[in-house]
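Participant: Build me a model from this:
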Amino acid sequence: MKPGFTWLGVFLVAAGLCAEASAQSFEFPKTVEAGSAFSVPTRGSGQATLYIVGPVRVLRETVQLGEPVKLDSGDLHNAGHYTAFLVGPSSTEATDFDVIPSPQPATLSFLAKPSRLPVDLHDGISGVVYVFDVFRNLIVEPTQVSFQLSGTASSAQVRKVETRNGVAWLKMDSAPRSGTAQFDATAGKVTDKRVIEQVPGDPCNLRMTARSSGDRIALETEPVRDCSGNPLPDGTVITFTEAYNGKEATVDAPLKRGVAKTDLPAYNGAVITVAAGVVMGNEIRWQGGK
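Facilitator: This next block holds a predicted model:
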């Protein structure tokens, strides 16, 4: 088929529909798979012009009535509603048909959020997949999509979801162990991948110990972990606060090898607390020192 028709021509052809034909001279199938080759039988004699008007383009072909019109593979590859006009010497006929997507997935548009989140979070990861055929038509017929979240010490999560109007979506839990996870979506023979970084959650059972060090109090946390037992990364800030005689002194100390250390003045009766963000740890009332 040859492209090369203007929208002005379309309106002129449409205007010609007022001329009634005595019999239908051509028969299009009701549906055509995108990109497929097919032929259209015609009846009568003489020459006519076939126009095919679709969502993206217009095709024009000179045909010999009585012989089939052959459309090559790829002539009609955009899914949508089409109208075919056959303009003959004395009449204009029209028929409608639909080009439907190929049922075989060729590409996926996979969205996974967030790319980084805490461990052990229920429904914390969202996955959305749009399924397209080889011509980038959205496949609206139900298509099964398999989602798999794997790569940490825990067993892989696998879920299968059927698309609705070309889209499949779901939510998954983050793993109880920190680390990099691979999030895969598969439809047919096509797989798309995303990487999800699962990091430790908030500290759990945060505790510190205190000992005398001259006129100072040496403070040290126990190894800081989240509620699933994952060690918090080095560099996480731990805050030590000393309250004495209506005044407060605060020191921020980063974790190194899983623990935080600092020292504060040794005031008798001082109250010392420890925190990581909004998570509070234990409290110590110092009974020695100055």
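Participant: Report how many residues lie close to the residue lying closest to V140 once chain neighbours are set aside.
Facilitator: What sits nearest to V140 in space, not counting adjacent residues and going by CB to CB, 6 or more residues apart in numbering, is G166, at 4.8 Å. All C-beta atoms are positioned from the backbone trio N, CA, C, and that covers glycine. G166 is flanked by 18 other residues according to other CB atoms under 10 Å.
Participant: Settle this for me: G166 is touching V129, isn't it.
Facilitator: No. Assessed by CB atoms under 8 Å, G166 is found out of contact with V129, at 9.3 Å.
Participant: what about the closest residue to T186 other than its chain neighbours, how many neighbours?
Facilitator: Of all residues not flanking T186 in the chain, S146 sits nearest, at 4.6 Å (CB to CB, 6+ apart). Counted with other CB under 10 Å, the neighbours of S146 add up to 16.
Participant: Quick one, grab the pLDDT at S146.
Facilitator: Per-residue pLDDT puts S146 at 97.
Participant: other SSEs contacting the helix or strand encompassing it?
Facilitator: If you go by DSSP states H and E, S146 is part of strand 144-150. The helices and strands touching strand 144-150, judged by 3 or more CB pairs under 8 Å, 6 or more residues apart in numbering; DSSP states H and E, are strand 125-132, strand 157-162, strand 167-172, strand 179-187.
Participant: Mind listing the strands that strand pairs with, and their directions?
Facilitator: strand 157-162 (antiparallel), strand 179-187 (antiparallel) (DSSP bridges).
Participant: and the helix or strand that comes right after the longest one, which strands flank it?
Facilitator: Right, strand 179-187. Proceeding N to C from strand 179-187, the next assigned helix or strand is strand 190-199, under DSSP H and E. According to DSSP bridges, strand 190-199 forms sheet pairs with strand 116-118 (parallel), strand 179-187 (antiparallel).
Participant: tell me the mean pLDDT over the last one?
Facilitator: Same thing as strand 179-187. Mean predicted confidence for strand 179-187 is 95.
Participant: got the contact list for that strand?
Facilitator: For strand 179-187, contacts defined as CB atoms under 8 Å, 6 or more residues apart in numbering pick out 105, 108, 110, 112, 125, 127, 129, 131, 143-153, 163, 168, 172, 174-175, 191-198.
Participant: what's the answer for the shortest one, then?
Facilitator: The list of residues contacting strand 116-118 from outside it, by CB under 8 Å, 6+ apart, reads G124, I125, S174, I196, E197, Q198, V199, P200, G201, D202, D226.
Participant: Mark which of the residues you listed are buried, thanks.
Facilitator: Buried members of those, scored by 16 or more other CB atoms under 10 Å, are G124, I125, S174, I196, Q198, P200, G201, D226.
Participant: isn't there a helix covering the third one?
Facilitator: No. For S174, which was evaluated using DSSP: H, G, I helix; E, B strand; the rest coil, the result is coil, with no helix membership.
Participant: The residue nearest to T107 when sequence neighbours are not counted: neighbour count?
Facilitator: Among residues not flanking T107 along the chain, F132 sits closest, at 4.7 Å (CB to CB, 6+ apart). Other residues near F132 number 19, with proximity taken as other CB under 10 Å.
Participant: V63 should be in a strand, yeah?
Facilitator: Yes. Judged by three-state DSSP, V63 forms part of a strand.
Participant: No further queries at this time; thank you.
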